[in-house]
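Trainee: next comes the sequence, and after it the predicted model I'd like to discuss.
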Amino acid sequence: MSTHNGHIGEQTTVVEANSSLNENWDSAHSPDEAATLDFGILPIPSRLRYDPTRPVHVGLSLNITFAVSSTFVIANLYYCQPLLIKLAESFDVSYDEVSNIPTLVQVGYAVGIILISTLGDLIRRRPLVLAIVFVAASLSIGLAFTSNLRVFEGLSFLVGMFTVVPQILIPLAADLAPPHRRASAMAIVMSGLLFGVLTARVLAGIVAEYVSWRVVYYIAFAMQYGVVLLLYFLIPDYPPKNKEATYFGILWSMAKLSVTEPLLVQAVLVCIPTAAVYSNFWVTLTFLLSEPPYQYSTLVIGLFGFVGMVGVAMAIPVGRLIDRLVPWSAAVVSILLYIMVTAIGVGADGLNIASVVIVCIGVDVLRQTIQITMTTWVFGLDPKARSRINAIILVALFVGQVMGTSVGSLLFTQYGWRPSAAVSLAWAGFMLFAIFLRGPNMPRYRWLGYTGGIRPRRITNDRASADEGHGQTDETQEAESRTEGPSRTSIENVPRGTETKSPEQDKSSCEIREKTPDSRGSVVAAV
């Protein structure tokens with residue numbers, strides 16, 4: 001493709017990033033109905049108001065804003081973990097009683113993913129995000145001031161429930177990014193989330209060591225109020241994606257998606273063991289390093305957590321690599337490497353510290369790569385359902401974490417490090433089996449097979465729509481089924497809402513190819 005055409009393609013993808021949002025709004029609203037107020041009282045900055053004729057520029061700075069916001073919000077889930085001894089002393093209770101607090105926070109988070117994050121498919125996300133962060137920050141004030149353990153436990157559950165903003169921002173980042181940069185955008189936001197997980201424990205431990213544990217929660221609510229201000233001035237407003245839907249309809253459709261979409265079921269089957277391997281390794285790492293031949297102190301063991309910074313540093317290059325590959329191919333390569341890393345753990349984790357470091361880095365980076373790959377892929381199923389799809393993937397990851405923690409700990413305590421590592425190798429092998437059940441170009445509702453062949457890299461001319469092949473909406477599929485004749489323009493390569501353009505116009509803007517009924521595989525092979 002010429003340089004001139006390359007520039008045209010880049011401009012076209014920026015328009016495509018907003019096309020589905022534009023279509024959703026235009027179908028139900030006139031231009032003068034665009035929102036100008038948040039919550040009916042706060043004016044939306046004029047440059048952030050939705051205007052399909054002047055879309056807000058979406059670039060690296062906005063994705064970094066989402067990542068920073070995710071860092072300070074997701075930390076709510078982990079502040080309490082190094083504070084348990086201090087909390088027991090402050091509330092004058094046993095360690096057993098305060099040990100329920102981390103569980104309550106995580107259970108609240110799981111409830112919030114299902115009941116709150118799915119609202120991202122139903123209402124405007126700008127006011128939703130602002131409201132949720134404000135509520136979480138306000139609840140953190142209660143954690144800082146209460147002197148009653150039961151109140152602290154109840155507030156912990158509620159804080160966890162409202163700590164779901166990152167799971168609204170990730171689908172939003174996917175919506176705003178052009179298709180050929182979607183994985184990169186999601187990787188940046190996910191890196192902020194991971195950074196929050198790593199730093200929350202360290203920050204809480206250091207602060208509580210020198211001052212009161214309550215100062216941790218003073219910092220928490222101050223930072224979250226700062227996030228509210230940051231997002232108020234930076235997050236653009238976009239219309240609801242499913243204006244005619246109902247809340248219970250959204251929840252029911254999420255249940256239907258989880259059992260009727262073959263690609264989503266395949267992603268769940270991959271994500272559950274991915275999380276199980278990851279949690280098994282990190283939960284049993286403390287046991288492994290505290291025993292011979294290592295016998296490290298708690299401080300040294302804790303420093304291994306900073307190896308997770310490698311995953312943060314690798315977020316952008318990993319995202320760009322995924323953008324260049326067909327998601328199926330990226331998943332296969334990542335899973336094969338995951339198997340190699342876990343095999344190293346089985347062979348040498350209890351013998352040589354170099355093996356432990358390699359597995360630390362490999363498990364962290366590859367787990368993130370697989371999660372981003374599968375999430376990017378399934379987001380193409382239906383742009384209007386990305387919050388629900390994200391919730392399903394997160395529930396799968398949660399199930400995997402529980403499975404890895406319980407099974408891995410049991411095997412380690414009863415049989416030692418090698419059987420515990422071996423079950424991770426078995427889980428990684430199951431991931432490979434799951435990804436090979438379906439090829440990359442299968443029709444949306446076919447469960448098994450390799451129709452359409454295999455292509456490892458995206459087609460350059462199709463990169464603007466490469467990860468949308470599986471993500472055709474029902475309306476697009478119906479339009480395809482109604483189209484007859486030996487030759488027709490590829491609907492997959494036409495931005496939604498522009499299907500009526502002439503072939504000459506389409507060719508000048510994004511070099512749309514002509515295809516015959518036989519050539520569908522070559523067009524959709526970029527999935």
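Mentor: Yes, it's here.
Trainee: same for the host helix or strand of residue 376, what does it pack against?
Mentor: According to DSSP states H and E, residue 376 maps onto helix 353-379. Applying 3 or more CB pairs under 8 Å, 6 or more residues apart in numbering; DSSP states H and E, one finds that helix 353-379 makes contact with helix 166-176, helix 182-210, helix 262-290, helix 309-313, helix 315-324, helix 327-348, helix 386-415. For every residue, glycine as well, the C-beta is placed using N, CA and C.
Trainee: low-confidence ranges, the stretch 201-350 of the chain, go.
Mentor: Low-confidence regions of the stretch 201-350 of the chain, defined by pLDDT under 70, span residues 298-303, 305, 308, 311, 349.
Trainee: before we move on, the earlier item: can I get the helices and strands packed on helix 353-379 in JSON lines including distance to residue 115 and mean neighbour count?
Mentor: Formatted as JSON lines, those follow (distance: least, CB to CB, whole Å; neighbours: other CB atoms under 10 Å):
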{"stretch": "helix 166-176", "distance to residue 115": "12", "mean neighbour count": "25"}
{"stretch": "helix 182-210", "distance to residue 115": "20", "mean neighbour count": "22"}
{"stretch": "helix 262-290", "distance to residue 115": "20", "mean neighbour count": "23"}
{"stretch": "helix 309-313", "distance to residue 115": "29", "mean neighbour count": "18"}
{"stretch": "helix 315-324", "distance to residue 115": "29", "mean neighbour count": "20"}
{"stretch": "helix 327-348", "distance to residue 115": "29", "mean neighbour count": "22"}
{"stretch": "helix 386-415", "distance to residue 115": "9", "mean neighbour count": "20"}
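Trainee: CSV for the ones you listed, including distance to residue 244?
Mentor: Shown next, in CSV, are the helices and strands packed on helix 353-379 (distance: least, CB to CB, whole Å):
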stretch, distance to residue 244
helix 166-176, 19
helix 182-210, 26
helix 262-290, 23
helix 309-313, 40
helix 315-324, 33
helix 327-348, 31
helix 386-415, 16
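Trainee: which one of these lies nearest to residue 158?
Mentor: helix 166-176 (16.6 Å; CB to CB).
Trainee: roughly how far is that closest one from the heart of the chain?
Mentor: 8 Å (CA atoms, centre = their mean, to the nearest Å).
Trainee: so for that helix, mean pLDDT?
Mentor: Regarding helix 166-176, the rounded mean pLDDT is 85.
Trainee: domains of this structure?
Mentor: According to automatic domain parsing, the chain comprises the domains 16-245, 250-437, 460-524.
Trainee: residue 444 is nearest to which of those domains?
Mentor: Here domain 460-524 is closest among these (CB to CB), at 6.3 Å.
Trainee: where's residue 416 relative to residue 172, distance?
Mentor: 45 Å (CB to CB, to the nearest Å).
Trainee: dump the domains of the chain into TSV; add distance to residue 450 as well.
Mentor: Converted to TSV, the domains of the chain look like this (distance: least, CB to CB, whole Å):
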stretch	distance to residue 450
domain 16-245	23
domain 250-437	9
domain 460-524	10
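Trainee: residue 449: which of the ones you listed is closest?
Mentor: domain 250-437 (8.8 Å).
Trainee: mind checking the end-to-end distance for that closest one?
Mentor: Start and end residues of domain 250-437 are separated by 29 Å (CA to CA, to the nearest Å).
Trainee: just give the number of residues close to residue 150.
Mentor: By other CB atoms under 10 Å, the residues close to residue 150 number 10.
Trainee: can you pull the contacts of the closest residue to residue 278 other than its chain neighbours?
Mentor: Leaving aside its chain neighbours, residue 278 sits nearest to residue 367 (4.5 Å; criterion: CB to CB, 6 or more residues apart in numbering). Residue 367 sits next to 274, 275, 277, 278, 311, 338 when contact means CB atoms under 8 Å, 6 or more residues apart in numbering.
Trainee: and the helix or strand where residue 104 lies with helix 166-176, angle?
Mentor: Per DSSP H and E, residue 104 falls inside helix 100-115. Interaxial angle of helix 100-115 relative to helix 166-176 (axes from the mean of the first three to the mean of the last three CA atoms, to 10 degrees): 30 degrees.
Trainee: helices or strands up against helix 100-115?
Mentor: helix 84-91, helix 149-161, helix 247-260, helix 386-415.
Trainee: buried residues in it?
Mentor: The neighbour-count check on helix 100-115 (16 or more other CB atoms under 10 Å) flags 101, 102, 104, 105, 106, 107, 108, 109, 110, 112, 113, 114 as buried.
Trainee: between helix 149-161 and it, find me the angle.
Mentor: Using the same axes, to 10 degrees: helix 100-115 against helix 149-161 is 40 degrees.
Trainee: what's the angle from the helix or strand following helix 100-115 to helix 166-176?
Mentor: Counting by DSSP H and E, the next helix or strand C-terminal to helix 100-115 is helix 125-145. Here the directions of helix 125-145 and helix 166-176 differ by 160 degrees (the same axes, to 10 degrees).
Trainee: list just the nearest of the buried residues of helix 100-115 to residue 422.
Mentor: Nearest member of the buried residues of helix 100-115 to residue 422, counting by CB to CB, is residue 106, at 27.2 Å.
Trainee: how close does the closest one get to residue 313?
Mentor: Taking CB to CB, one finds residue 106 at 26 Å from residue 313.
Trainee: go on, residue 260?
Mentor: 39 Å.
Trainee: the residue lying closest to residue 394 once chain neighbours are set aside: what's it in contact with?
Mentor: Counting by CB to CB, 6+ apart, residue 394 lies nearest to residue 113, which is 5.1 Å off, once chain neighbours are set aside. Residues in contact with residue 113, defined by CB under 8 Å, 6+ apart, are 164, 167, 391, 394, 395, 398.
Trainee: thought the second one was touching residue 391?
Mentor: Just to be clear, that refers to residue 167. Yes. Between residue 167 and residue 391 there is a contact under CB atoms under 8 Å: 7.0 Å.
Trainee: which neighbours do those two share?
Mentor: Joint contacts of residue 167 and residue 391 (CB under 8 Å, 6+ apart) are 113, 117.
Trainee: returning to that earlier point: now the helix holding residue 104 against helix 386-415, angle please.
Mentor: 150 degrees.
Trainee: what about helix 100-115, distance to the chain center?
Mentor: That offset, for helix 100-115, works out to 17 Å (CA atoms, centre = their mean).
Trainee: stretch 323-330 too?
Mentor: Using CA atoms, centre = their mean, the offset of stretch 323-330 from its chain centre is 17 Å.
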